[in-house]
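1. Give me the fold of what follows.
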Amino acid sequence: MHDYHVHSNYSDGAFLRRMVDAAAEAGVDGVGIADHCNVSPDPNAERFKRALGFNLDLTYERRREAIEAVRADPDVAVDVFDAVEMDYDPAHEAAIGDFLDEAGFDYAIGSVHGLDGANVHTRSHFADKPAAERRELVDRYFEKLVALIDSDLFAIAAHPDLIERNPHLRGLATEDHYAAVAEAFRDSRTVPEINAGRLLDDYGEFHPAPAFLDRLADAGLRVSVGTDSHEPGVIAPRLDELEAELDRRGLDPVRPDELVDAADAADTADAADR
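-> I've put the predicted structure just below:
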């Protein structure tokens with residue numbers, strides 16, 4: 001069992017060593033430190049990430065030194081992966097690709113957080129919009145998710161129905177949305193994530209939600225798993241729920257050797273074609 005999606009103090013999580021120790025105590029074989037990162041050239045995005053301290057584009061080398069120090073500690077009985085959770089927007093693919101090539105993470109997770117100039121979690125931004133406009137925004141969310149998958153920049157697509165966390169967008173996804181995403185995954189190296197980040201609090205479901213996960217499982221897709229933890233105390237209970245869900249569905253999550261960096265795989269394929 002591996003937890004490929006954990007945050008540390010290099011974005012909005014607890015101290016890196018505390019997160020690693022908690023994952024080891026939970027019994028995983030490996031944990032991926034996948035801090036938030038955004039390389040959008042938009043000035044508003046720049047101000048937002050600096051205000052929140054999402055500065056991995058500036059600090060990833062320091063974090064890599066910290067990860068290497070943890071790996072070298074004989075008391076650490078778990079593999080530790082140097083990963084990233086990257087905000088994705090189709091308009092910024094070139095900047096994202098250049099940064100991922102430069103940084104050389106073990107793997108990259110792609111996420112769609114931005115919609116209509118706001119974070120999907122910002123309930124107030126969507127609360128007063130007419131139903132038709134909210135449906136159009138959900139269409140746009142899934143278009144961006146399909147573009148993320150098609151880009152082949154990422155090994156994992158995180159929480160692929162993040163809109164469900166927002167009650168003003170919840171329930172607007174359709175079977176057509178699910179079918180488009182499943183088709184994109186079938187043609188991509190990117191794998192969907194079963195994410196337990198809101199399972200044990202107010203939202204109370206995995207991402208993807210049950211009907212969406214049914215569609216992905218029926219398509220025979222590989223999956224990764226992530227607790228999306230920001231505090232050490234939630235890793236173990238979320239992992240317990242993930243293992244139970246995998247057993248119930250008869251799913252085997254990808255192994256580290258299968259979770260190759262998507263960009264590196266694309267480069268290798270291009271070289272072979274030449």
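2. Point out the other elements, helices or strands, that whichever strand or helix holds residue 139 touches.
-> Residue 139 is part of helix 131-151 when elements are defined by DSSP states H and E. Secondary structure elements in contact with helix 131-151, counted by 3 or more CB pairs under 8 Å, 6 or more residues apart in numbering; DSSP states H and E, are strand 114-115, strand 156-157, helix 175-186. Glycine gets a C-beta too; all of them are placed from N, C-alpha and C.
3. any idea how far residue 174 is from residue 147?
-> 18 Å (CB to CB, to the nearest Å).
4. When those two are compared, which one has more neighbours?
-> residue 147 (17 against 14; other CB atoms under 10 Å).
5. separation between that one and residue 223?
-> Distance from residue 147 to residue 223, by CB to CB: 20 Å.
6. Averaged pLDDT, the helix holding residue 139. What do you get?
-> Across helix 131-151, pLDDT averages out at 98.
7. Find the residue at the geometric middle of this protein.
-> residue 158 (2.8 Å; CA atoms, centre = their mean).
8. what does the model give that residue for pLDDT?
-> At residue 158, the model reports a pLDDT of 98.
9. so it sits right up against residue 111, yeah?
-> Yes - counting by CB atoms under 8 Å, residue 158 does reach residue 111; the two are 4.5 Å apart.
10. List the strands paired with whichever strand or helix holds residue 33, with their directions.
-> Secondary structure assignment for residue 33, by DSSP H and E: strand 30-37. Here strand 30-37 is paired, per DSSP bridges, with strand 2-6 (parallel), strand 79-87 (parallel).
11. Out of these, which is the most enclosed?
-> Mean neighbour count (mean count of other CB atoms under 10 Å) peaks for strand 2-6 among the strands paired with strand 30-37, with a mean of 28.
12. ok, so what distance separates the residue nearest to the centre of the chain from residue 4?
-> When CB to CB is applied, the distance between residue 158 and residue 4 equals 9 Å.
13. hey, what's in contact with both of these two?
-> 109, 193, 226 (CB atoms under 8 Å, 6 or more residues apart in numbering).
14. and the first one, that one's in a strand?
-> Yes - according to DSSP: H, G, I helix; E, B strand; the rest coil, the state of residue 109 is that of a strand.
15. How many residues are close by it?
-> Residues contacting residue 109 under the criterion other CB under 10 Å number 28.
16. just the shared contacts of residue 158 and residue 4 now: which is nearest residue 130?
-> residue 193 (31.6 Å; CB to CB).
17. tell me the secondary structure for residue 154?
-> coil.
18. show me what contacts it?
-> Taking CB under 8 Å, 6+ apart, we find residue 154 in contact with 86, 88, 108, 109, 110, 148, 190, 262.
19. re the thing from before, check contacts around the residue nearest to the centre of the chain.
-> Counting by CB under 8 Å, 6+ apart, residue 158 has contacts 5, 85, 109, 110, 111, 193, 195, 207, 226, 228.
20. try 6 Å this time
-> By CB atoms under 6 Å, 6 or more residues apart in numbering, the contact list for residue 158 reads 109, 111, 193.
21. Could you do residue 207 as well?
-> Here residue 207 is in contact with 159, 161, 195 (CB under 6 Å, 6+ apart).
22. Mind doing that once more with 8 Å?
-> Contacts of residue 207 by CB under 8 Å, 6+ apart are 158, 159, 160, 161, 162, 164, 193, 194, 195, 197, 198.
23. JSON lines for these, including secondary structure and distance to residue 57?
-> Formatted as JSON lines, the contacts of residue 207 follow (DSSP: H, G, I helix; E, B strand; the rest coil; distance: CB to CB, whole Å):
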{"residue": "158", "secondary structure": "coil", "distance to residue 57": "18"}
{"residue": "159", "secondary structure": "coil", "distance to residue 57": "21"}
{"residue": "160", "secondary structure": "coil", "distance to residue 57": "24"}
{"residue": "161", "secondary structure": "coil", "distance to residue 57": "27"}
{"residue": "162", "secondary structure": "helix", "distance to residue 57": "21"}
{"residue": "164", "secondary structure": "helix", "distance to residue 57": "28"}
{"residue": "193", "secondary structure": "strand", "distance to residue 57": "22"}
{"residue": "194", "secondary structure": "strand", "distance to residue 57": "28"}
{"residue": "195", "secondary structure": "strand", "distance to residue 57": "23"}
{"residue": "197", "secondary structure": "coil", "distance to residue 57": "22"}
{"residue": "198", "secondary structure": "coil", "distance to residue 57": "26"}
